[in-house]
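S.K.: what follows is a predicted protein model with its sequence.
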Amino acid sequence: MAITRLTDIITVFDSKWTYGDVKFGYDGEVNQDHDTQYPLMLVNPPESTIPVIYDGREEYSFEINFYNLYSQAAQSVVTLQKRWDNLQDLSNEWLDMVLKNYQDVTVEAYLNDESIEIERIKDTQNDKLVQIKLTFTMSAFTKCFRPVSNYPSDFKDLAIWLRADSGVTFDIPTKRISAWVDNSGNDNNVSQSTSSQQPLRYGYGGQDDKAYFSFNGISNQLESDVDSPILNNFTVFEVSKISAINSSVFGYSNSTGDSIDIGTENGGLYRARLTTEVPIELSLNNTINVVGKNHIGILKKENHSIDLHYYSVDESSLVSSTNYAFPSNLSFDDGKFHIGSYDSLTGHLSGDLQEVIVYNRALSDSEISDVKGYLNLKYKIY
């Protein structure tokens, strides 16, 4: 199908902005009802022309404004330029995802060369806000743009993609999270209906001032709505800051004793454990205490072997283990998985969580490097 209506483009714009609210309207309408979930994308009604009518091509000139809060209290924690930079990062990622949508040969659209302008504005509208204004011209029915960024969805067998900046249902006054949508497209969503067990969602202030979930280490945890999709080989990525020992970022267990546990052990070391009749457990060496450090952790299982990677601003490490008694064909899909605890009762996470990605295969070294590169580019861990 080709783009034939403005509604088609706006539908794509709307679907790719997953970080907060989106509105199609005018600047004066920003937060009129004081119920906006930030960051906000406001798409102004565009001007358009059909320069060559017989070619069936239409040029839309868009002005899109992106807003985020910047209160007086925030100024002692994060600089104004950092808040602007991160808002610009979200707008750039959004535009890249929009353009990726039009890579299909049957959908033809492109960004006109040198048409993008970016303007930074502060202290605007009905709140204390920072603003990025993005203007560009998009032509339908002609294709020339090829984005080059790598995203987790570019690699096959993506099973779970949970990100704190996207797909979150939470109460604005209390910040309590009730649901988190899986961005992989597989509906492996997680949720929590019990108020006392709901972690808190902050739209900024995490690593590199990005959105994050805060877990209290006592009761907070999210449980999958359906059984875990994880099969016999897998790769798990997680971005978090663990603030205590014996904390689990990601956990799975079933009634027969099969389990996955990623987090810290009682000495504050980063640890991954897989169990069945025969356990495999890995901990980073005792010179790396990960408590209180923002990091990227990666657990890879391939048949009888597992690798555990860890990356932070001052440390990187890889430990491996092979146990041929561990069944290579064992799947981890006969029970719920948990975010922020081991089994909903133990190992509650004390700390901050920003992203969890799971693939249903052992990724190659180059694929791991690409996904890790995406995470580090986004969160600037090291």
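M.R.: Nice, thanks for sending it over.

S.K.: please parse the protein into its domains.
M.R.: 6-140, 152-379 (automatic domain parsing).

S.K.: tell me the secondary structure for Val98?
M.R.: In terms of secondary structure, Val98 is helix; the call rests on DSSP: H, G, I helix; E, B strand; the rest coil.

S.K.: give the contact list for it.
M.R.: 12-13, 16 (CB atoms under 8 Å, 6 or more residues apart in numbering). Using the backbone N, CA and C atoms, a C-beta is placed for each residue, glycine as well.

S.K.: state the distance from it to Asn92.
M.R.: Going from Val98 to Asn92 by CB to CB, to the nearest Å gives 11 Å.

S.K.: could you export stretch 349-357 as PDB, CA atoms only?
M.R.: As requested, C-alpha coordinates have been extracted for stretch 349-357 and formatted as PDB (Å, rounded to 0.1, in the frame of the first residue of the first chain):
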ATOM      1  CA  LEU A 349      15.100  -5.900  43.600                       C
ATOM      2  CA  SER A 350      16.300  -2.900  45.400                       C
ATOM      3  CA  GLY A 351      17.300  -0.400  42.700                       C
ATOM      4  CA  ASP A 352      16.500   1.000  39.300                       C
ATOM      5  CA  LEU A 353      15.600  -0.800  36.100                       C
ATOM      6  CA  GLN A 354      15.600   0.700  32.600                       C
ATOM      7  CA  GLU A 355      15.400  -2.100  30.000                       C
ATOM      8  CA  VAL A 356      15.100  -5.900  29.600                       C
ATOM      9  CA  ILE A 357      15.600  -7.700  26.200                       C
END
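
S.K.: quick one: that stretch to chain centroid distance?
M.R.: Mean-position distance between stretch 349-357 and its chain equals 11 Å (CA atoms, centre = their mean, to the nearest Å).

S.K.: ok but Phe237 is inside a strand, no?
M.R.: Yes. With three-state DSSP as the criterion, Phe237 is assigned to a strand.

S.K.: just the helices in the stretch 51-200 of the chain please.
M.R.: Listed in chain order, the helices found in the stretch 51-200 of the chain under DSSP state H, counting those that start in this stretch are 80-101.

S.K.: return the most buried member of the domains of the chain.
M.R.: Mean neighbour counts were taken over the domains of the chain using mean count of other CB atoms under 10 Å, and the top value, a mean of 19, falls to domain 152-379.

S.K.: pretty sure Lys336 contacts Gln221?
M.R.: No. Contact between Lys336 and Gln221 fails when scored by CB atoms under 8 Å: they sit 10.8 Å apart.

S.K.: now, which of the contacts of Val98 lie within helices?
M.R.: With DSSP state H as the criterion, helices contain 12-13, 16 from among those.

S.K.: tell me the predicted confidence for the residue nearest to the spatial centre of the chain.
M.R.: Residue closest to the average C-alpha location in the chain (CA atoms, centre = their mean): Arg163, at 2.6 Å. At Arg163, the pLDDT value in this model is 97.

S.K.: out of the domains of the chain, point me to the one whose mean pLDDT is lowest.
M.R.: Within these, confidence is poorest for domain 6-140, with a mean of 80 (mean pLDDT).

S.K.: from the chain's centre, how far out does it sit?
M.R.: Averaging C-alpha positions (CA atoms, centre = their mean) puts domain 6-140 19 Å from its chain's average.

S.K.: can you tell me the element Leu377 falls in?
M.R.: Counting by DSSP states H and E, the element that carries Leu377 is helix 365-379.

S.K.: find the nearest non-adjacent residue to Asp14, please.
M.R.: Distances taken as CB to CB, 6 or more residues apart in numbering put Val22 closest to Asp14, at 5.2 Å, once the chain neighbours are dropped.

S.K.: how about Ala362?
M.R.: Here the nearest residue to Ala362 in space, its sequence neighbours aside, is Glu302; by CB to CB, 6+ apart that works out to 3.6 Å.

S.K.: for the one you found, give its distance to Met97.
M.R.: Applying CB to CB, the value for Glu302 to Met97 is 31 Å.

S.K.: for Ser71, same thing?
M.R.: Distance check for Ser71 against Met97: by CB to CB, it reads 29 Å.

S.K.: please apply the same query to Ile64.
M.R.: Counting by CB to CB, the separation of Ile64 from Met97 is 14 Å.

S.K.: who touches both of those two?
M.R.: Both Ile64 and Met97 lack any common contact, where contact means CB under 8 Å, 6+ apart.
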